[in-house]
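> fold the following, please.
(one chain, ligands or ions: 2)
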Amino acid sequence: MIGPRTFLEHENYRYLKIAIGLLIASLALYILDDPPGGRSGSSWTGYGLGTIAAGIIFWLMWLGLRKRDYTSTGAPLKGWVSAHVYLGTSLIFLVPLHSGFEFGMNIHTLAYALMCVVVFSGILGVGFYALVPISMTRNRNNITLDAMLERIAEIDSECRTAADGMPDYYAQAVMASIEQTRIGGAFRSQLSGNDPGCGTTRALRSLRTSEIDLDGDAKEQERKLVELIARKELILKQIRRDIRYKGLLDLWLIVHVPFAFATCAALITHIFVVFWYH
Ligand code: HEM
Ligand code: HEM
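Numbers count the residues shown, from 1 in each chain. Ligands and ions are numbered 1, 2, ... in the order given. Here you go, the predicted structure:
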């Protein structure tokens with residue numbers, strides 16, 4: 001889980017500076033080294049820069065594992081994501097310096113193309129994180145979701161009590177709210193962020209349009225029911241919105257991760273091919 005935006009500024013932009021430093025050093029090496037056969041991936045500079053690029057890529061892959069290992073110590077996760085983002089982006093320039101800006105219809109260029117998809121999906125992902133409210137990214141670890149679900153369970157039981165002894169009409173509304181309210185569901189409905197047939201919305205509507213005349217305690221109980229169900233609807237709206245953001249946050253990963261694996265496969269083939277033929 002990456003925290004609210006701050007990973008971009010982490011340690012006063014340490015990894016942005018490292019990435020820029022790396023690019024400047026690589027560019028200097030590229031300009032200074034002018035081998036007889038022309039600049040290319042098979043010059044010494046080419047081999048050096050290629051090795052650095054490959055090292056960065058395999059290291060970036062490792063983040064996926066590191067991310068799930070909450071027990072590990074070492075650099076805080078924020079620092080890892082910061083490094084991931086800046087070093088990952090630097091690859092767009094580092095690899096052309098490696099290959100002497102040569103590209104063709106071959107496995108080498110395929111590796112680069114796949115890598116570019118990974119990098120641009122990553123940039124898109126960072127863009128999503130930046131757009132999503134800070135409170136949401138901070139709460140991605142489900143703590144507030146659990147609290148909200150718990151609150152709903154409480155409201156449900158308070159509703160049952162409040163509907164006790166009321167006409168059937170009210171008990172039916174409460175049951176609709178309890179039994180026909182769905183959270184989550186298919187990925188597509190998660191992304192939509194609402195449920196048009198939500199039992200709680202219907203219950204609230206039927207309570208508000210009730211034409212049954214009540215008085216005394218019953219009137220008070222009706223008012224309480226409306227208040228409870230209205231509060232429940234509000235919490236549901238918030239949960240659905242959070243789930244929607246969460247879905248959006250993970251959408252780009254559907255591209256990022258498989259292409260990251262494909263990049264590695266093409267890269268290993270690339271390295272294998274050049275050592276086979278050179
Ligand atoms: C250990 C790491 C690497 C080594 C040893 C290596 C080696 C080489 C060599 C020897 C060439 C020249 C091939 C030729 O002239 O036919 C080359 C070209 C190239 N490499 Fe790498 N490379 C490495 C990493 C990478 C990485 C990480 C990428 C991109 C993801 C990459 C993309 C390319 C591209 C696009 C070319 C130019 C292909 C062309 O001329 O059409 N290489 N590499
Ligand atoms: C070749 C370059 C890259 C590779 C191989 C790579 C690979 C990966 C992998 C394996 C994950 C773990 C995903 C998961 O299991 O959930 C990941 C996550 C991520 N990547 Fe990349 N990535 C690369 C470049 C980038 C770039 C350039 C950016 C942004 C500009 C980026 C942003 C992210 C973010 C924000 C995450 C999610 C971190 C989190 O959820 O805490 N990546 N990447």
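> is stretch 238-249 up against ligand 2 anywhere?
No: residues of stretch 238-249 are not located near ligand 2 by Cβ under 6 Å from any ligand atom, the shortest gap being 7.9 Å. Where you see a C-beta, it was placed from the backbone N, CA and C, and this is true even at glycine.
> take that stretch, keep the C-alpha atoms, and write them as CSV.
Below are the C-alpha coordinates for stretch 238-249, written out as CSV (Å, rounded to 0.1, in the frame of the first residue of the first chain):
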residue,chain,number,x,y,z
GLN,A,238,-19.3,6.2,1.5
ILE,A,239,-18.4,2.5,1.4
ARG,A,240,-19.4,2.2,-2.2
ARG,A,241,-17.4,5.2,-3.1
ASP,A,242,-14.4,3.9,-1.3
ILE,A,243,-14.7,0.5,-3.1
ARG,A,244,-15.0,2.4,-6.4
TYR,A,245,-11.8,4.3,-5.7
LYS,A,246,-10.1,1.1,-4.7
GLY,A,247,-11.1,-0.5,-7.9
LEU,A,248,-9.9,2.4,-9.9
LEU,A,249,-6.6,2.3,-8.0
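> what average pLDDT does that stretch get?
In this model, stretch 238-249 has an average pLDDT of 83.
> now do the buried residues in that stretch.
Of the residues in stretch 238-249, 239, 240, 242, 243, 244, 245, 246, 247, 248, 249 count as buried by neighbour count, 16 or more other Cβ atoms under 10 Å.
> in strands, which of these fall?
Applying DSSP state E to those, no entry is found in strands.
> what does stretch 248-267 contact?
Residues outside stretch 248-267 that contact it (Cβ atoms under 8 Å, 6 or more residues apart in numbering): 54, 57-58, 60-61, 64, 107, 110-111, 114-115, 117-118, 121-122, 124-125, 128-129, 132, 137, 140, 191.
> now do stretch 269-278
If you take Cβ under 8 Å, 6+ apart as the criterion, stretch 269-278 is touched by 41, 42, 54, 107, 108, 111.
> among these, which are within reach of ligand 1?
41, 42, 54, 108, 111.
> my read is that the first one contacts residue 109, right?
When you say that, I think you mean residue 41. No: using Cβ atoms under 8 Å as the test, residue 41 is too far from residue 109 to be in contact (10.8 Å).
> pull the number of nearby residues for the residue of the chain found nearest ligand 2.
Per Cβ to the nearest ligand atom, residue 122 is where the chain lies closest to ligand 2, at 2.3 Å. Counted with other Cβ atoms under 10 Å, residues neighbouring residue 122 total 21.
> got the contact list for it?
By Cβ under 8 Å, 6+ apart, the residues touching residue 122 are 84, 85, 88, 89, 252, 256.
> now intersect the residues you listed with the strands, please.
Applying DSSP E to the contacts of residue 122, no entry is found in strands.
> show me which of those neighbour ligand 1.
Among these, no residue is within reach of ligand 1 (Cβ under 6 Å from any ligand atom).
> closest to residue 208 out of these?
In terms of Cβ to Cβ, no member of the contacts of residue 122 lies closer to residue 208 than residue 252, at 40.9 Å.
> which non-adjacent residue is nearest that closest one?
Leaving out its chain neighbours, the residue that sits closest to residue 252 by Cβ to Cβ, 6 or more residues apart in numbering is residue 125, at 4.2 Å.
> wait, what's in contact with the one you found?
249, 252, 253, 256.
> skipping adjacent residues, who's closest to the last one in space?
Yep, that's residue 256 we're talking about. residue 121 (4.4 Å).
> could you list the domains of this structure?
As given by automatic domain parsing, the domain ranges for the chain are 6-134+251-277, 143-250.
> distance from the shortest one to the middle of the chain?
The gap between where domain 143-250 is centred and where its chain is centred comes out at 28 Å by Cα atoms, centre = their mean, to the nearest Å.
> just the residues contacting stretch 51-67, thanks.
1, 22, 26, 72, 77, 80-81, 84, 87-88, 90-91, 94-95, 98, 115, 257, 260-261, 263-264, 267, 271.
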